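Novice: Here's my sequence, what's the structure:
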Amino acid sequence: MTKNKKIYIAGHRGLLGSAVVRELKSKGFDNLITATSDEVDLTNQEQTFSFLEDQKPDLIYLCAAKVGGIRANMLAPGEFLYRNLAIQNNVIEGARKIGVEKLLFVGSSCIYPKEAECPIKEESFMTGPFEPTNEGYALAKASGIRLCQFYRKQYGCNFITALPTNLFGINDQYDPEKSHLLPALIRKAHIAKINKQTEIEIWGSGKPKREFMLSDDCASALVHLMNNYSGEEPINVGTGEDLSVFELAELTCKVIGLEAKIKTDPTKPDGMMRKLLDVSKLKALGWTSKISLESGIEIAYNDFLTKNNGVNLA
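Specialist: Sure thing, here's the model as predicted:
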């Protein structure tokens, strides 16, 4: 991936897309193509095709997606399925039409079966039913993986797929209706600290184990894959370490400086009881995670404070 390549980052203002932009710039890439949703609606085929034909990027990082936590996915599964299918179908087909040199499609670890054995290997893809709480999103991402694979077979496209674990970090969403687990915990713990609360509540039993990765750490892996991988099989991207939701809440409170009792709500869904990725193939390609979870939470919390000016959001 030479410095003069034209690189389009779809979803450049999002959690992962913005991290990819930072990573590329840090490595001296400055011929970057970005566009807001007001400039190009990626769910609109005509606009997407026209944009790609006009810009003619050499490489594409397809990070654009509609994302959200368990609550958001449960409330709008059809929207998550439709919008993500539209975005990825338009960009992938548009890339094929203009002969893009290489495309990296960002999938998700949620495509793995609910009962997949942990650590989850890439071979577990499509071996069982999805986790019901995010099935719409998972189905869309699984379709994107297959589309890239089928385009390789039918058209010879060099389209690869990465499957990140749960991400958090700079430019995350903290809206309680849309946020994922970790940003929701950061917001909740921050409000509790400001209001001098002695208790915070988490969804579910607190027993499920999850793997978390700072978005900038993931972006480093994606740039590495763009440079060093051209296979058909999707590649897991994660840290290879997990902890329980209860332990995550404890660590988040520690970073934020909150001393509070953590209360569970077993009436709320847990989701998969464990979701840890096997990252041996990524390591074999020469990349390993470099940022600890505690350091990542510190980075995310500082970004949260900067964007919210430390105010009470309750």
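
Novice: List the buried residues in stretch 274-282.
Specialist: By 16 or more other Cβ atoms under 10 Å, the buried positions in stretch 274-282 come out as Arg274, Lys275, Leu276, Leu277, Asp278, Val279, Lys281, Leu282. Where you see a C-beta, it was placed from the backbone N, CA and C, and this is true even at glycine.

Novice: between those, which is nearest Thr239?
Specialist: Among the buried residues of stretch 274-282, Val279 lies closest to Thr239 (Cβ to Cβ), at 7.4 Å.

Novice: Spit out the contact partners of that closest one.
Specialist: Residues in contact with Val279 (Cβ atoms under 8 Å, 6 or more residues apart in numbering) are Pro119, Asn236, Val237, Gly238, Thr239, Gly240, Thr288, Ser289.

Novice: In strands, which of those appear?
Specialist: Asn236, Val237 (DSSP state E).

Novice: For ChimeraX, write the select line for the buried members of the contacts of Val279.
Specialist: The ChimeraX command for the buried members of the contacts of Val279 (criterion: 16+ other Cβ under 10 Å) is given here:
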select :119,236,237,238,239,240,289
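
Novice: Just the closest of the contacts of Val279 to Leu62, please.
Specialist: Once Cβ to Cβ is applied, the member of the contacts of Val279 that ends up nearest Leu62 is Val237, at 14.2 Å.

Novice: now the closest one: how far from Asp41?
Specialist: 28 Å (Cβ to Cβ, to the nearest Å).

Novice: try Ala192
Specialist: In this view, Ala192 and Asp41 are 39 Å apart by Cβ to Cβ.

Novice: between those two, who's got more neighbours?
Specialist: Each of Ala192 and Asp41 has its neighbours counted (other Cβ atoms under 10 Å); Ala192 has more, 20 against 17.

Novice: Provide a list of residues in contact with that one.
Specialist: Residues counted as contacts of Ala192 (Cβ under 8 Å, 6+ apart) are Glu199, Ile200, Leu258, Ala260.

Novice: Name only those of the residues you listed that count as buried.
Specialist: Buried among the contacts of Ala192 (16+ other Cβ under 10 Å): Ile200, Leu258, Ala260.

Novice: Isn't Pro160 up against Phe105?
Specialist: No, residue 160 isn't Pro; it's Ile. Yes: in this structure, Ile160 is within contact of Phe105 by Cβ atoms under 8 Å, at 7.2 Å.

Novice: hey, what's in contact with both of the two?
Specialist: Common neighbours of Ile160 and Phe105 (Cβ under 8 Å, 6+ apart) are Cys148.

Novice: between the two, which one's more packed in?
Specialist: Shown here are Ile160 and Phe105; by other Cβ under 10 Å, Phe105 has more neighbours (25 against 22).

Novice: picking up where we left off before, which of the contacts of Ala192 sits closest to Ser124?
Specialist: Ile200 (33.9 Å).

Novice: can you give me the mean pLDDT across the helix or strand harbouring the closest one?
Specialist: Here Ile200, judged by DSSP states H and E, is contained in strand 199-203. Per-region confidence: strand 199-203 scores 92 on mean pLDDT.

Novice: Please name the bridge partners of the most centrally placed residue in the chain.
Specialist: The residue lying closest to the centre of the chain (Cα atoms, centre = their mean) is Leu167, at 5.1 Å. Taking DSSP bridges as the rule, Leu167 bridges to Met213.

Novice: Residues contacting the lowest-mean-pLDDT helix or strand in the chain, please?
Specialist: Counting by mean pLDDT, DSSP states H and E, the chain has its least confident helix or strand at helix 70-75, which shows a mean of 78. Helix 70-75 is contacted from outside by Phe80, Thr133, Asn134, Glu135, Gly136, Tyr137, Glu177, Lys178, Trp203, Pro269, Gly271, using Cβ under 8 Å, 6+ apart.
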